[in-house]
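[1] predicted model and sequence below, questions to follow.
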Amino acid sequence: MSRSVLITGGAGFIGSNFVHFWLEEYPEDRVVVLDALTYAGNLANLQTAVTNPRFRFYPGRIEDRTVVDGICRSERITHVVNFAAESHNDRSMVDPTGLIDANVTGVGILLRASKHFDIERFLHVSTDEVYGQIENGQFRETDPLLPRTPYSAGKAGGEMLVRAYHIAYGIPTVVTRGSNTFGPYQYPEKLLPFFITRALQDRPLPLYGTGTQVREWLYVTDHCRGIRSALLNGAVGEVYNLGGGNELTNLDITKLVLQLLGKPDCLIRHVPDPRGSAHDARYALDCTRIGSLGWRPQQAMHDALERTVRWYCDHRAWWEAIVQSEAYRSFVAGYYGPILGDDL
Ligand code: NAD
């Protein structure tokens, strides 16, 4: 039977990639996006979807009960995939107020609607950051949640609501915890698109501290495939890690980007770490559980990085419109100005 899939945050980075993925993979399904179009939401990410008769876009917030209920009713939603969130660690450390609304309250409103409208499956997109940091080994889904930034604390709070709604009301929930994701349409404030777009402008790259923090990188189409596996085949009430299996230090990935762009390493500026002791040293995920559903990352790191770098080279108009906007410029000036000084 065909589905009517509500994708919240579908105008953002992973959400918009998921919209394109789903429309292509499931020609019988309808895709409905609810997105608040915050600074990170961009209708340009959905340009090719908007002409599709199986696609609908609603501007609005997931905390807005009237909007959420109205969409579930009128669009006969069968599945919810919740990407909507304030997703940036650095911003969360400057001002955590908005993230509680989106990452916690909004999740509660979606869960309430899922109960009321008897949704078949509710998938909550979470992050490896809810675990905190790990020096050696890998996080398993049964490990405690020990978030260390306002962003990851908000994501952990949202997850607790998902867990409680499943236990208390039997809502058919599934949670995915993905690792650092990269690819096309990523707002140029996170490390990779920020550094790629700055290097393309020959601007210095502010690398926090020594750059020895280790991240596990996941290409966005692999993340979308993992969410699909969990949504369609995951056990109800379960949590699934989605790790890319590619561990690299921030310094190493920065050097790789510069190499791919043919730019010199001297663009790197080691700057004092604004996250201080809250900057997690390492994340790594055990993906045995999602592996049992047949998922594993398909993209080799170097190829995926090369493809991503090429995408930003080929889509200058997309990111230039963002980096020239007042909102972006004032965030970068306010956040990096004091750190970079004349190099801004
Ligand atoms: P993003 O910031 O690019 O997109 C977030 C989208 O949500 C934007 O379109 C924004 O307008 C929308 N939004 C924000 N608040 C909203 C609200 N209250 N109501 C409706 N829409 C709202 O983020 P992303 O990087 O695509 O991340 C998507 C999800 O995946 C997030 O939940 C994030 O925690 C999770 N995640 C991200 C990564 C990563 O590396 N990017 C890794 C693991 C998990």
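    Sure thing, it's come through. Numbers count the residues shown, from 1 in each chain.
[2] with only the CA atoms kept, save the strand or helix carrying Leu23 in CSV.
    Assigned by DSSP states H and E, Leu23 belongs to helix 13-25. Included here for helix 13-25 are C-alpha records, laid out as CSV according to Å, rounded to 0.1, in the frame of the first residue of the first chain:
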residue,chain,number,x,y,z
PHE,A,13,20.5,19.3,4.6
ILE,A,14,19.7,15.7,5.4
GLY,A,15,15.9,16.2,5.2
SER,A,16,16.0,17.5,1.6
ASN,A,17,18.3,14.7,0.5
PHE,A,18,15.8,12.3,2.1
VAL,A,19,12.9,13.9,0.2
HIS,A,20,14.7,13.4,-3.2
PHE,A,21,15.7,9.9,-2.2
TRP,A,22,12.2,8.9,-1.2
LEU,A,23,10.4,10.4,-4.2
GLU,A,24,12.8,8.5,-6.4
GLU,A,25,12.7,5.2,-4.6
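[3] I'd like the average pLDDT over that helix.
    The pLDDT scores in helix 13-25 average 98.
[4] off-centre distance for that helix?
    Using C-alpha atoms, centre = their mean, to the nearest Å, the distance from the centre of helix 13-25 to the centre of the chain it belongs to is 13 Å.
[5] now do the buried residues in that helix.
    Of the residues in helix 13-25, those with enough neighbours to count as buried (16 or more other C-beta atoms under 10 Å) are Phe13, Ile14, Gly15, Ser16, Asn17, Phe18, Val19, His20, Phe21, Trp22, Leu23. Yep, even glycine has a C-beta here, placed from its N, CA and C like the rest.
[6] need the contact list for the residue of the stretch 1-150 of the chain at minimum distance from the ligand.
    For the stretch 1-150 of the chain, the residue closest to the ligand is Gly12, as judged by C-beta to the nearest ligand atom, at 2.0 Å. Shown in contact with Gly12 (C-beta atoms under 8 Å, 6 or more residues apart in numbering): Asp35, Ala40, Gly41, Asn42, Asn45, Phe83, Ala84, Ser87, Tyr187.
[7] show me the contacts for Gly237.
    For Gly237, the contacting residues are Arg163, His166, Ile167, Pro172, Thr173, Val174, taking C-beta under 8 Å, 6+ apart as the criterion.
[8] mind redoing it with 7 Å?
    Gly237 is in contact with His166, Thr173, counting by C-beta atoms under 7 Å, 6 or more residues apart in numbering.
[9] switch to numbering from 22
    New numbering, starting at 22: the last item is Gly258.
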